[in-house]
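>>> build me a model from this:
(2 chains)
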Amino acid sequence: MFFLVTPEPLDPQRAVELVRRHEAGAVVVFLGVVRSHNLGRQVIRLQYEAYPEMAEQVMREVAQEAATRFRLTDVAIMHRTGVLPVGETSLVVAVSSPHRHQAFQGGQWLVDRLKERLPIWKKETFVGGEEWIEGELPPAG
Amino acid sequence: MKVKVRLFARIRELAGISEMEVEIGEGMSVGEVFELVRARIPRLAGQQLPVAFAVNARYVTPEHPVRPGDEVAIIPPVSGGGHVLPGHP
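Okay, here's the model as predicted:
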């Protein structure tokens, strides 16, 4: 398994190669991309801030749980930090599995779970202002 | 005893610092440590701040006891990954 929090641009192809296995007939890749509109506002950029040591730890826990639940062969997760203009990739999740259903379902579960638990925050700069976008409080324990 | 407290995102900006050392009493919980931090930083004192807590990079409940040398993190509501708000998929 591979986990990374980095200010450098993310390479989805690298994530694919990291999870590719002869016994895995399916590889699913998710990219989170900074989009141009949110809540009716025109977005200019996002600033991502992480608690990096903890984020990689949470990635590991969530990936291990996903691998067990969905029989994933391997998992790679990368999250970018810093200032990202519209169109940039902020998150890459790649999973491999013997069959496609497990890969799709495991990948979706993994991304949803990461959003609930990863100690990463984003501040949106839009036309007319800026604001921290706050989601859910992560569950304790 | 002393512990390190790390602040992030909106709380870091409000406080104007990203970490601080706090002198705490024996057997204090992370929730109580956060109240000490709020008392020391006027801009955090006056308002409602929904937060979670981590000790040594693991999520814990507010009642979790803090030990000497622990790293406490104050975790505002998280928003990593793509660009989706709760209720706004």
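>>> what's the lowest-mean-pLDDT helix or strand in chain B packed up against?
Ranking every helix and strand in chain B by mean pLDDT, DSSP states H and E puts helix B:42-45 at the bottom, with a mean of 89. Here helix B:42-45 touches helix B:9-15, helix B:30-40, going by 3 or more C-beta pairs under 8 Å, 6 or more residues apart in numbering or on different chains; DSSP states H and E. C-betas here are computed from N, CA, C, even on glycine.
>>> please redo it, this time with the cut-off set to 6 Å
With contacts taken as 3 or more C-beta pairs under 6 Å, 6 or more residues apart in numbering or on different chains; DSSP states H and E, helix B:42-45 sits against helix B:9-15.
>>> tell me if the helix it packs on is near chain A.
Yes: interface with chain A: helix B:9-15 contributes B:A9, B:R10 (C-beta under 6 Å from any C-beta of the partner chain).
>>> if you average pLDDT over that helix, what comes out?
What helix B:9-15 shows for mean pLDDT is 95.
>>> just to be sure, A:L18 is in a helix?
Yes: A:L18: assigned to a helix according to DSSP: H, G, I helix; E, B strand; the rest coil.
>>> how about the contacts made by it?
A:F2, A:A76 (C-beta atoms under 6 Å, 6 or more residues apart in numbering or on different chains).
>>> quick one: pLDDT of it?
For A:L18, the predicted pLDDT is 98.
>>> could you do A:I77 as well?
98.
>>> contacting residues around it?
A:F3, A:M59, A:V93.
>>> make it 7 Å
A:F3, A:M59, A:A63, A:V93 (C-beta atoms under 7 Å, 6 or more residues apart in numbering or on different chains).
>>> doesn't A:V29 make contact with A:V95?
No: judged on C-beta atoms under 7 Å, A:V95 makes no contact with A:V29 at a distance of 8.1 Å.
>>> quick one: which of these two has more around it?
A:V95 (32 against 17; other C-beta atoms under 10 Å in any protein chain shown).
>>> any idea how far the more buried one lies from chain B?
15 Å (C-beta to the nearest C-beta, to the nearest Å).
>>> what about the nearest residue to that residue once chain neighbours are set aside, how many neighbours?
Closest residue to A:V95 apart from its sequence neighbours, by C-beta to C-beta, 6 or more residues apart in numbering or on different chains: A:G107 at 4.6 Å. Residues near A:G107, counting by other C-beta under 10 Å, number 24.
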